[in-house]
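[1] what shape does this take:
(one chain, ligands or ions: 1)
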Amino acid sequence: MLTEHPEVEDSKKGARRPSKRRRSPLKIVNQIPKRRRKEIEESDSEKSSSPESWSRRSGLENHKIGRRSTKPGEVKTIPFNLIDSKIGESWPIPITVVNGVRPGPIVTLLGAVHGNELVGPQALTFLQSHQILGSGKSIDVGVMSGTLRIMPIVNLPGYRTRTRYAPDGRDINRFFPGKAGGNTTQRISSKLWNEIISTSDFIIDLHSAASGRTNLPHIRVNLAHSQSSMLARSFGTEVLLDGLGPKGSLRRVSNEFDIGCVTFEGGGANSIDSDAVQIATYGILNVLRSLRMIPGYPSSPRFRLLASGSVWIRSDHGGLLDVLAPVGSVIEAGEVVATVTDPEHARDSVEIKSPNRGLLIGMATHPFVTSGTPIGHLLPLKKGLNTIKSRLDEDDVLMLSGIMDDPIWREEETEDIDLQSSEDITSEGWASVDEPVFEEEDD
Ligand SMILES: [Zn+2]
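    Have a look, this model is predicted:
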């Protein structure tokens, strides 16, 4: 059963409310830099999205993209051309518009902005399957509020040629908001920005680690942007990495224009991590439930790790990598996470040890390493160890809530563990919030 519009929501005592309405304030302790702490606390005290600010104000409204119109209660896949060119190559990508029958926000979901990152396209395909989209299913347009726009493959040429980049060799996710008269990537970004992004209330951009690495499914977000912070928390992943995102990235520029946007990261390029696909799909449903676009209550993880700093574990030697600790492992300082051997010096091998106790959120998958290659991405853990340890399997790997069968439903039970970088941590590899935090990472 669909609950009422948030503005006229049930105020009966004991009635369950969506998480964004009853979320507890972020617990910001003294470990993070003062300025960042203030920013996050200020944004957290701001009001959540109000119905007045939503794009879909009235109940029955056609949703237009270009000249194509989708009626209320209709699901339509329309072609959208990212290159306006009379002759030569065009760039038509499919957008599925799910136009609800009640007022609500416009939510845009993007996959494969980097053409070889396939978790997003797979999750957005799954989202449109008969298991999820249809009468009586999780996404039932006949009772839905607001509008959903699903774009499984933004970088279609990249997808078809199995590359991250646009045909001109540029990274689309560094060129927002684009430039109409600029280079090819700037034109694509501009078209996408003007016709899709700028008219969205919320954006979820699905990514995977760059080639040669894999990521633990997690959310990257600017926690000081209140709409984005709300999105990130309602998604339901354990790990939230706080940061602005790279210059020109969809997330960073959307936030600059005050549009709520988060990046999901899970799995690696050129492969499909089924856990990451599932977590992405269920995370999107969690968000839609939190926004009261679809019925039901979002599930929450047992805890959230709020982190703004991370450490790279690097190989000091070259050779072939043998990973001993998979992504998601909780490891101790000094623990061996991988070994490197060299066929040209077959009798030698070296161990790579972790500099800190922490959670491995990224790991190399390409066996060939040279001196300096980052092989592991570590979130140092100083707090909440007992909580985290209660969610480890027998191999000390974190059991993620999105793939478990026992999601919790009450936001109050979620423990926020603040791991934000502290000024007293001087270990090399720490990035402060003033610098690009995940500069070597995909975003
Ligand atoms: Zn990416």
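
[2] now the longest helix along the chain: buried residues?
    In the chain, taking DSSP state H as the definition, the longest helix is helix 274-290. Neighbour-count burial for helix 274-290, counted by 16 or more other Cβ atoms under 10 Å, picks out 275-290. All C-beta atoms are positioned from the backbone trio N, CA, C, and that covers glycine.

[3] what ranges does the stretch 251-400 of the chain have for its helices?
    274-290, 385-389 (DSSP state H, counting those that start in this stretch).

[4] wait, what's in contact with the closest residue in space to residue 177 that isn't next to it in sequence?
    In this structure, residue 177 finds its nearest non-sequential neighbour in residue 193, 4.2 Å apart by Cβ to Cβ, 6 or more residues apart in numbering. Residues near residue 193 by Cβ atoms under 8 Å, 6 or more residues apart in numbering: 176, 177, 178, 253.

[5] go again with 6 Å.
    176, 177, 178 (Cβ atoms under 6 Å, 6 or more residues apart in numbering).

[6] now do the SS call for the second one.
    Here residue 177 is coil, with the state taken from DSSP: H, G, I helix; E, B strand; the rest coil.

[7] near the ion, which residues of the stretch 201-350 of the chain?
    Residues of the stretch 201-350 of the chain lying near the ion by Cβ under 5 Å from the ion: residue 207.

[8] nearest to the ion: which residue in the stretch 201-350 of the chain?
    residue 207 (3.4 Å; Cβ to the ion).

[9] and for the residue in the stretch 1-150 of the chain positioned nearest to the ion, the neighbour number?
    With Cβ to the ion as the measure, residue 114 is the residue of the stretch 1-150 of the chain nearest to the ion, at 3.6 Å. Residue 114 has 28 neighbouring residues, counting by other Cβ atoms under 10 Å.

[10] my guess is it contacts residue 164. True?
    Yes: counting by Cβ atoms under 6 Å, residue 114 touches residue 164, with 4.3 Å between them.

[11] if we can go back for a sec, quick check: mean pLDDT of the longest helix of the chain?
    Helix 274-290 carries an average pLDDT of 96.

[12] next one: stretch 127-139
    On average, stretch 127-139 scores 96.

[13] and if you look at stretch 56-65?
    Computed over stretch 56-65, the average pLDDT equals 82.

[14] offset the numbering so it begins at 141, please.
    Fine by me, first position is 141 from now on; the one you just mentioned is stretch 196-205.

[15] residues of it that come out buried?
    So for stretch 196-205, counting by 16+ other Cβ under 10 Å, buried means 196, 201, 203, 205.

[16] so which strand or helix has the second one?
    Put plainly, it is residue 201. If you go by DSSP states H and E, residue 201 is not part of any helix or strand.

[17] spit out the contact partners of it.
    Per Cβ under 6 Å, 6+ apart, neighbours of residue 201: none.

[18] same thing but 10 Å
    195, 210, 211, 212, 239, 240, 241, 243, 287 (Cβ atoms under 10 Å, 6 or more residues apart in numbering).

[19] same question, the last one
    Residues counted as contacts of residue 205 (Cβ under 10 Å, 6+ apart) are 216, 218, 219, 220, 235, 237, 289, 335, 336, 339.

[20] go on, residue 473?
    493, 494, 495, 496, 497, 498, 520.

[21] re the thing from before, which neighbours do residue 254 and residue 304 share?
    Common neighbours of residue 254 and residue 304 (Cβ under 10 Å, 6+ apart) are 295, 298, 311, 312, 313, 348, 350, 351, 409, 582.

[22] residue 326: which of those residues is nearest?
    Nearest to residue 326, judged by Cβ to Cβ, of the shared contacts of residue 254 and residue 304 is residue 312 at 9.5 Å.

[23] how close does the closest one get to residue 204?
    24 Å (Cβ to Cβ, to the nearest Å).

[24] one more: residue 281?
    17 Å.

[25] what distance do you get for the residue of the stretch 341-490 of the chain closest to the ion to residue 389?
    In terms of Cβ to Cβ, residue 347 sits 10 Å off from residue 389.

[26] tell me if I'm right that residue 453 and residue 509 touch.
    No: the pair residue 453 / residue 509 is not scored as a contact, 11.4 Å apart, by Cβ atoms under 10 Å.

[27] shared neighbours of those two, anything?
    478, 492, 515.

[28] which among the buried residues of helix 414-430 gets closest to residue 468?
    residue 415 (9.3 Å).

[29] any stretches of this protein with poor pLDDT?
    By pLDDT under 70, the low-scoring segments of the chain are 141-177, 184-192, 198-199, 544-552, 560-583.

[30] from the centroid of it, which residue is nearest?
    Note on the chain: the residue nearest the mean C-alpha position is residue 404, at 1.5 Å, using Cα atoms, centre = their mean.

[31] so who does that residue touch?
    249, 251, 259-260, 263, 344-348, 355, 357-361, 372, 375, 377, 416, 419-420, 423-424.

[32] up against the ion, what does the stretch 141-290 of the chain have?
    So far as Cβ under 5 Å from the ion goes, the stretch 141-290 of the chain lies against the ion at 254, 257.

[33] the stretch 141-290 of the chain: strands as residue ranges?
    With strands called from DSSP state E, counting those that start in this stretch, the stretch 141-290 of the chain shows them at 203-205, 208-210, 214-221, 232-239, 242-251, 285-291.

[34] quick check: buried residues in stretch 460-477?
    461, 463, 465, 467, 468, 469, 470, 471, 475, 477.

[35] ok, the last one touching residue 516?
    Yes: if you go by Cβ under 10 Å, residue 477 and residue 516 touch, sitting 5.5 Å apart.

[36] mind listing the strands for the stretch 291-440 of the chain?
    For the stretch 291-440 of the chain, applying DSSP E, counting those that start in this stretch gives strands covering 342-349, 353-361, 379-382, 400-408.

[37] of all the ones you listed, which one is nearest residue 487?
    strand 353-361 (29.0 Å).
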